[in-house]
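>>> After the sequence you'll find the predicted model.
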2 protein chains.
Amino acid sequence: MKLRAFHKLSYGLYLIASEHEGKKAGYIANTVFQVTSKPPLIAISCHKDNMSTAVIRNSGKFSVSVLKKELDVKLIGDFGFMSGDEIDKFNQREIITAATGAPVVLDEAVAWFDCKVQQEIDLGSHWLVIGEVQDSDLLSDDDPLTYAWYREKYKMFSPKNSPTYLEKDKLDEEQKEDEANAPQEEPKPEGAEPHVCLICGFVYDPEKGDPTMGIPPGTAFEDLPDDYKCPICNAGKDYFRKL
Amino acid sequence: MKLRAFHKLSYGLYLIASEHEGKKAGYIANTVFQVTSKPPLIAISCHKDNMSTAVIRNSGKFSVSVLKKELDVKLIGDFGFMSGDEIDKFNQREIITAATGAPVVLDEAVAWFDCKVQQEIDLGSHWLVIGEVQDSDLLSDDDPLTYAWYREKYKMFSPKNSPTYLEKDKLDEEQKEDEANAPQEEPKPEGAEPHVCLICGFVYDPEKGDPTMGIPPGTAFEDLPDDYKCPICNAGKDYFRKL
């Protein structure tokens, strides 16, 4: 079994939102698929431990916002890596209420769907929730964000509760075995080591810097300003460790 | 409801194959997604009318080959638009038998998965089949083919039995309404009309020609050689009609 084969499956990136008894919940997902066309049914895979999953199942409705390729990644930090207990994810966002009553986040979106839950399938760790599309809109002709591009640009792994989570240790081991007979790379000089954000998994690579935060290529992690924050989840420098 | 919103959902393109009692079946799909990671489960949506669906359900196994971005489109013509009754899709293909006994087509693939059917969910027109991955391999680091790129390059619509099929008439109507107030385009001069292949939906556009078949841009459909064949499904000129 090659774990890296799973990286060849293609996904988009979406913001899924719902609301039950006045409580809004939302998260970032890659598993959103149309599964039939008549009626138009969309399937999403939701981890049983996530608060949003309970809100979707209790309310029987959810919206899917299709994110655009060039977006403000803070949206992904807020909805993908923070809990609704820590921050109000919906504060200062542009939101409409769709026909089902589900909130739809319009920020950074190219299209959206409003869905009524039709059935739920028990998959062990996740519920596969099937929703019938009640309404949809196209907001712009911009390209949608794909998971491949996001992973390439931000060097991200899936969070632990994602259906596509792969254990980093096992991936590393697999890569190591494959490279056992390949010529060894020179060890990196002091200051050139990448650092990983312990909160969200973002990797700061000194060779590339962090253009989104105005950090030029060639800046060692130690030379980052003290108030440097993870571009994904806003964690401070203390939350990074050497890879 | 905006139908074009559905075009913003992201998919890859895959060849799904199975075998039951010596009879192989295979087709091209875009709805392949990982739905849990422990155990690794993959879901596919299969139309009830397709022969492959019966073979998958009867045998309890299927393989998924992830197609590469730059591929010989004849593979898609054969597996996506032809019936197993008309041609032997597996003839002259490079095939291995995976652990479950499912055939795996290696041609034009970057990775593959071998799956044992775990459950089947009735979605009306389709079965959603959930398979547990028994084995997988990575064949190359090439980019996988995405449905967006395929649609862009070949101007293709989904076949009628695809979960993502949208009715062309309704799409056209929607586009027309949106463009009602936009300035009118000049009617195209004689010989510049695009022609659609009635078998598979491929559109021949004289402005672009068909570089894959050595036809230069600016070649009217009428000026194509008599033995011109659809680059996707090999249908002859008689199968094309003016759009």
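Nice, I can see it.
>>> Would you mind splitting chain A into its domains for me?
Chain A is divided into the following domains under automatic domain parsing: A:10-138, A:150-177+A:190-242.
>>> Using a markdown table, lay out these together with distance to residue B:137 and mean neighbour count.
Using the backbone N, CA and C atoms, a C-beta is placed for each residue, glycine as well. Shown next, in a markdown table, are the domains of chain A (distance: least, Cβ to Cβ, whole Å; neighbours: other Cβ atoms under 10 Å in any protein chain shown):
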| stretch | distance to residue B:137 | mean neighbour count |
| --- | --- | --- |
| domain A:10-138 | 18 | 20 |
| domain A:150-177+A:190-242 | 12 | 15 |
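>>> right, and these - which one's nearest residue B:10?
With Cβ to Cβ as the criterion, residue B:10 lies closest to domain A:10-138 of those, at 3.1 Å.
>>> between the domains of chain A, which one is nearest to residue B:123?
Nearest of the domains of chain A (Cβ to Cβ): domain A:10-138, 5.0 Å.
>>> Just the endpoints, please. Distance across that closest one?
Terminal residues of domain A:10-138 lie 22 Å apart, using Cα to Cα, to the nearest Å.
>>> pLDDT on it, on average?
Averaging pLDDT along domain A:10-138 gives 94.
>>> still on that earlier bit, can I get the domains of chain A in TSV including distance to chain B?
As requested, the domains of chain A are exported to TSV (distance: least, Cβ to the nearest Cβ, whole Å):
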stretch	distance to chain B
domain A:10-138	3
domain A:150-177+A:190-242	5
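>>> Distance to residue B:175 added to those, as CSV?
Formatted as CSV, those follow (distance: least, Cβ to Cβ, whole Å):
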stretch, distance to residue B:175
domain A:10-138, 11
domain A:150-177+A:190-242, 29
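>>> so which of those domains comes closest to residue B:132?
Using Cβ to Cβ, these put domain A:10-138 closest to residue B:132, at 10.3 Å.
>>> any idea where the strands of chain A begin and end?
Here chain A has its strands, by DSSP state E, at A:14-20, A:23-29, A:32-37, A:40-47, A:61-67, A:95-97, A:103-105, A:109-122, A:126-138, A:195-197, A:203-204, A:240-242.
>>> With only the CA atoms kept, save the lengthiest helix in chain A in PDB.
Counting by DSSP state H, the longest helix found in chain A is helix A:168-179. Extracted in PDB, the C-alpha atoms of helix A:168-179 (Å, rounded to 0.1, in the frame of the first residue of the first chain):
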ATOM      1  CA  LYS A 168       2.800  12.200   8.600                       C
ATOM      2  CA  ASP A 169       5.100   9.600  10.300                       C
ATOM      3  CA  LYS A 170       4.000   6.900   8.000                       C
ATOM      4  CA  LEU A 171       4.200   9.100   4.900                       C
ATOM      5  CA  ASP A 172       7.700  10.100   6.000                       C
ATOM      6  CA  GLU A 173       8.700   6.500   6.500                       C
ATOM      7  CA  GLU A 174       7.400   5.600   3.100                       C
ATOM      8  CA  GLN A 175       9.300   8.400   1.400                       C
ATOM      9  CA  LYS A 176      12.500   7.400   3.400                       C
ATOM     10  CA  GLU A 177      12.300   3.800   2.200                       C
ATOM     11  CA  ASP A 178      11.800   4.900  -1.400                       C
ATOM     12  CA  GLU A 179      14.800   7.300  -1.100                       C
END
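>>> which residues touch residue A:140?
Taking Cβ atoms under 8 Å, 6 or more residues apart in numbering or on different chains, we find residue A:140 in contact with A:68, A:110.
>>> If anything else comes up later, I'll come back, but that's it for now.
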